[in-house]
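[1] I'll drop the sequence and a predicted model, then ask my questions.
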Amino acid sequence: MVAVLIKIFGTENIELAEDVVQDALLKALETWKYRGLPDNPSAWLYRTAKNRAIDVIRRNKHSRVIDFSDPQRQLLTSNYTLGATMDTYWQEDSIKDDFLAMMFACCHPNISPENQITFILKSLCGFSTKEVAKAFLTGEDTVSKRLYRTKEYFRKHKIKPQIPKPDQIVLRTNTVLSAIYLMFNEGYNSTHSNDLIRKDLIGQAMLLCRSLFSEERTALPQVYALMALMCFHAARVDSRLGSNGELILLDKQDRKLWDPSLIDSGKLYMNKASFGNQLSTYHLEAAIAYEHCSARQYENTNWKKILEYYDILLKLAFDPVVFLNRALVILELYGPLEALEAIDHIKNEKQLQGYYLYHASLGEINKRLQQLDKAIAHFENAIALTGSKQEKQLLEGKIQEMMKSIQSK
Amino acid sequence: MKEFMFLFRGGDEVWDTKSPEEQQEHMQHWQQWIGEIAEQGKFVSGERLRTQGKTVINKGTSIIDRPLTEGKELVGGYLRIKADSIEEATEMAKGCPGFRWDASGVEVREVWPEH
């Protein structure tokens, strides 16, 4: 609904759009309290919002808040055409397009990823500023600033919500996908919040991805691949936290808790992703996630196959984090010495120095080599670098375990 | 390009005799007509006028409680458009949806240019 209103008022007037939605919801609550739920509540809401939008247009007709010089908006200025023009804005198939179009506007390549996600959550997912702030453990001020900057960018460059032209669509869709994946990761492994897993972000990310492939123009193989990847990850969500909210790693997870229906959907999307001649990183990551999901027990994991996928992944694009994960596969396959050798290749990567999993991995490898002092030092580095309470707990537990074994010697 | 004003005369009496559905359908026709003008970049502005009104006459000393004209002569609204000539503007005026309902007239007048 906000997406339609933003199209009517302009991307720079997101508050106006939100106000209208708020008003419509309030009116609904008041009216429905006395008269009961109407037959078609969503139609009722849309109609109410539409009428409010007409009021707003009338009120702002002579102000400069809304840019009526835009040819699409010109007809809103006349009483002859306001009503009928408004109706066309609210037709069902155009609403679906507006949602996608807004997604592309939010994910403009020149807007930073955190600003993209902030704007998506605010304009398309119905998050309040407070909720966005909570999701990223930042102040509401920071969120407001991000929104303001994005809006200024929209205003200055006259960015309109629109689905990109065919020659642009692959490139632009990839930007949208990385924003969706980032949002999903934040939900799956929250770095900024006290809750390690935020199902609301996971759900929203999957919803956005679904809206991409429900439109022919954006139903690209990589879109399905990302959806498959998210399904495989999401299937494991409930097994990742223990009864006290502590983090449980893959080898200790209760595989009976994995959601078979999500794994099945993942497989389905994986099949749908296999057309065209483009192999995206999402395809490979999904394949890896599937290998994990399909192993009955940790011991049955097909590490050889996973290593193959990692090798292709690194050929597509070198990424130190992927390389690090590959080293952990080597640890499983060939043992700590080989893993240490592999990790040695990336020891000078700056990006990794601040990445807690790099230090935690070194800790784990050293632990298996019985270099306990070294291991403890690496784990301590990792603790200092992660913002998540659960990760800290997990790492501290490992340190304590090693301390005990040192003392008992 | 020159600017012209269409003054729509008559039609308001008919409006009240129609059902809400018919009225809505009629407004769709206006939307279509003006939309086509806007698509060519020739739309400037336009509004409907209410039937009620007052008229100041006698050098501003008296007021009558109605518009100066009534019925078929009453101005029900206006549209400002751009056209190259009065002939072109007149041709455009023929498409006015008001003609679907009664024989009201569209008066086409050129707006006095700025210089």
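    Yes, it's here. Numbers count the residues shown, from 1 in each chain, chains lettered A, B, ... in the order given.
[2] In chain A, which residue sits closest to chain B?
    In chain A, the residue that lies nearest chain B is residue A:84 (3.4 Å; Cβ to the nearest Cβ). The C-beta positions use only the backbone N, C-alpha and C, and glycine is treated the same way.
[3] list the contacts for that residue?
    Neighbour list for residue A:84: B:27-28, B:30-31 [criterion: Cβ atoms under 8 Å, 6 or more residues apart in numbering or on different chains].
[4] Can you give me the neighbour number for residue B:45?
    By the criterion of other Cβ atoms under 10 Å in any protein chain shown, residue B:45 has 13 neighbours.
[5] Residues in contact with stretch A:340-353: which ones?
    Residues from elsewhere that reach stretch A:340-353 (Cβ under 8 Å, 6+ apart): A:320-321, A:323-324, A:326-327, A:330, A:358, A:361-362, A:365, A:369.
[6] May I have the distance across it, first residue to last?
    16 Å (Cα to Cα, to the nearest Å).
[7] Kindly report the same for stretch A:210-220.
    Terminal residues of stretch A:210-220 are spaced 11 Å apart (Cα to Cα).
[8] Strands of the stretch 51-200 of chain A, start to end?
    For the stretch 51-200 of chain A, no strands are identified by DSSP state E, counting those that start in this stretch.
[9] near chain B, which residues of it?
    A:71, A:74-75, A:77-81, A:83-85, A:88 (Cβ under 8 Å from any Cβ of the partner chain).
[10] Give the PyMOL command for selecting the buried subset of those.
    A single PyMOL command selects the buried members of those (16 or more other Cβ atoms under 10 Å in any protein chain shown):
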select buried, chain A and resi 74+75+77+78+80+81+83+84+85
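[11] Nearest to residue A:381, out of the residues of the stretch 51-200 of chain A next to chain B: which one, please.
    The closest of these to residue A:381 turns out to be residue A:71 (Cβ to Cβ; 58.3 Å).
[12] and the residue lying closest to residue A:120 once chain neighbours are set aside, what pLDDT?
    In space, and not counting its chain neighbours, residue A:120 is closest to residue A:106: 4.7 Å by Cβ to Cβ, 6 or more residues apart in numbering or on different chains. Model confidence at residue A:106, given as pLDDT, is 91.
[13] Can you narrow the contacts of residue A:84 down to the ones near chain A?
    B:27-28, B:30-31.
[14] okay if I get the residues of the stretch 51-200 of chain A next to chain B as JSON lines plus pLDDT and distance to residue A:242?
    Shown next, in JSON lines, are these (pLDDT from 0 to 100; distance: Cβ to Cβ, whole Å):
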{"residue": "A:71", "pLDDT": "75", "distance to residue A:242": "58"}
{"residue": "A:74", "pLDDT": "86", "distance to residue A:242": "60"}
{"residue": "A:75", "pLDDT": "87", "distance to residue A:242": "59"}
{"residue": "A:77", "pLDDT": "88", "distance to residue A:242": "60"}
{"residue": "A:78", "pLDDT": "88", "distance to residue A:242": "63"}
{"residue": "A:79", "pLDDT": "87", "distance to residue A:242": "64"}
{"residue": "A:80", "pLDDT": "87", "distance to residue A:242": "65"}
{"residue": "A:81", "pLDDT": "89", "distance to residue A:242": "61"}
{"residue": "A:83", "pLDDT": "88", "distance to residue A:242": "58"}
{"residue": "A:84", "pLDDT": "87", "distance to residue A:242": "59"}
{"residue": "A:85", "pLDDT": "88", "distance to residue A:242": "56"}
{"residue": "A:88", "pLDDT": "85", "distance to residue A:242": "53"}
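[15] Out of the residues of the stretch 51-200 of chain A next to chain B, list just those in helices.
    A:71, A:74, A:83-85, A:88 (DSSP state H).
[16] where in chain A is pLDDT low?
    A:137, A:191-194, A:409 (pLDDT under 70).
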